[in-house]
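the following block contains a protein sequence and its predicted model.
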Amino acid sequence: GGSVEDELLATAYFYRAAALGTLAMFYESFPVDIDGQGGQSEFVPRAQGLQRALDLLDQARQARGGAEPSADFKTRVYGTTQFFLGNTIDAYAARFALMLGQNEQAAQFASAALSGGEPVSFFPYDAIAPNDNPLWGQTNAPDPTLRAVANFGLDPNTFTVNTADGRAAFYLGGDAPEGPGIVSGLPTRVVLGFYDAQGEAIPAYIPDEMRLIRAEAFARQGQASQAVTEINAVRTDTDDPLGINAGLPAYSGPTDQQALLNEIFRQRRIELFATGLSLEDSRRLGQAAPPASPSFSSFARVRNFLPYPENERTVNRNTPADPSS
């Protein structure tokens, strides 16, 4: 395999890129560098932060040079849960390029992630706190607003989840032991999938995200038939490596761009349940903006971007004003 130093450096680049890309999903701007002056880092627009994330992923790709590390390195650094850095770098590059509107590059990275020949990577968790599965802890809390809701939280007047969709049974169970709550008029559900055990590992990414990235890239470039092909690869899936099998008929709806983007949003909302991508998807794919008086009873997103944490504002005088929505 490659040298220990190269693989450690590539891993560090990857995790820093993942952190910056995650910040970009939720904040209009954020620091990308530590200035060494008491935490007074400058904030940069999210597009600049996303580009930095892509640059870091490229550095990670170059540092490792495609070499596979030794089994001993993997066990010591990645733990016993399987983690393959090569295709994971490409998958995150596809995700962040799509967020930047770099559609052709996003499709290329997504194809590379699918064709790398490596299994899906997982983030490991322990069966005891504090390093236990974070979604298990949240969704088993007594507060019903932290649980999942039926129909994957989609407005049933706009998006109805097909009762034959195998992903509903994969991700959502019945009522919680404390009884169902009601959120946005829908009953809450027990969360299954990768979040139903305290020590369960969570995929670093879900393979069909790559197909939906390609679908969106094609749709935005006016290639409707190619977009439908990618959508159908997700809808009709029956042999997903993670067991997330929709098993649905092929798409038969309209093929204008916004109709395809709506279908892609629906598929992403279900396939990528609880991956943290929903807010970014809602903005990017043209879903309903926050209402004038946002509330958690609305199906529209409550905000476009989050307000900045008070602890950040307390220590960093460069923290901008909170976004209006």
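The structure has been received and is ready for your questions.

for this structure, just list every one of the helices.
Shown for the chain, the helices assigned by DSSP state H span residues 4-26, 46-64, 71-73, 85-99, 103-115, 134-139, 166-171, 207-220, 224-235, 257-271, 278-284, 310-315.

buried set for the shortest one?
Within helix 71-73, the residues that qualify as buried by neighbour count (16 or more other C-beta atoms under 10 Å) are F73. (Glycine included, C-beta is placed from N, CA and C.)

what is the burial count for T255?
Residues lying near T255 (other C-beta atoms under 10 Å) number 14.

T229 is in contact with that one, correct?
No: judged on C-beta atoms under 8 Å, T255 makes no contact with T229 at a distance of 11.5 Å.

weakest of the helices of the chain in terms of mean pLDDT?
Between those, the one with the least mean pLDDT is helix 71-73; it has a mean of 81.

and that one, how far from the chain's centre?
Computed by C-alpha atoms, centre = their mean, to the nearest Å, the chain-centroid distance of helix 71-73 equals 28 Å.

and for stretch 279-299?
For stretch 279-299, the distance to the chain centre is 17 Å (C-alpha atoms, centre = their mean).

and for stretch 48-65?
Centroid separation for stretch 48-65 versus its chain: 18 Å, with C-alpha atoms, centre = their mean.

residues in contact with it?
2, 6-7, 9-11, 13-14, 16-18, 20-21, 23-24, 29-30, 32, 44, 85-86, 89-90, 92-93, 96-97, 99-100 (C-beta atoms under 8 Å, 6 or more residues apart in numbering).

give the buried residues for that stretch.
Buried, per 16+ other C-beta under 10 Å, within stretch 48-65: 49-54, 56-57, 59-61, 63-64.

try stretch 123-142
Neighbour counts using 16+ other C-beta under 10 Å place 124-125, 132-133, 135-136, 139-140 of stretch 123-142 among the buried residues.

from the middle of its chain, how far away would that stretch be?
Worked out by C-alpha atoms, centre = their mean, stretch 123-142 lies 18 Å from the chain centre.

of the buried residues of stretch 123-142, just say which sits nearest to A292.
Taking C-beta to C-beta as the measure, A292 lies nearest T139 of those, at 30.4 Å.

state the distance from the nearest residue to the closest one once chain neighbours are set aside to E312.
In space, and not counting its chain neighbours, T139 is closest to V191: 4.1 Å by C-beta to C-beta, 6 or more residues apart in numbering. Distance, V191 to E312, using C-beta to C-beta, to the nearest Å: 30 Å.

same check, this time on A233
Per C-beta to C-beta, A233 is found 41 Å from E312.

who has more neighbours out of V191 and E312?
Using other C-beta under 10 Å, the more surrounded residue of V191 and E312 is V191, with 22 against 16.

tell me the contacts of the more buried one?
Under the criterion of C-beta under 8 Å, 6+ apart, the neighbours of V191 are 135-136, 139, 147-148, 171-173, 274.

let me have these in JSON lines, extended by distance to T319.
Formatted as JSON lines, the contacts of V191 follow (distance: C-beta to C-beta, whole Å):
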{"residue": "L135", "distance to T319": "29"}
{"residue": "W136", "distance to T319": "32"}
{"residue": "T139", "distance to T319": "31"}
{"residue": "R147", "distance to T319": "32"}
{"residue": "A148", "distance to T319": "33"}
{"residue": "Y171", "distance to T319": "36"}
{"residue": "L172", "distance to T319": "38"}
{"residue": "G173", "distance to T319": "41"}
{"residue": "A274", "distance to T319": "29"}
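
identify the farthest-apart pair in those residues.
Greatest spatial distance among the contacts of V191 (C-beta to C-beta): W136 and L172, at 14.6 Å.

quick one: which of the buried residues of stretch 123-142 is nearest to E200?
Using C-beta to C-beta, N133 is the member of these that lies nearest E200, at 5.1 Å.

and the closest residue to the closest one other than its chain neighbours, what pLDDT?
Closest residue to N133 apart from its sequence neighbours, by C-beta to C-beta, 6+ apart: Y125 at 4.4 Å. Y125 carries a pLDDT value of 91.
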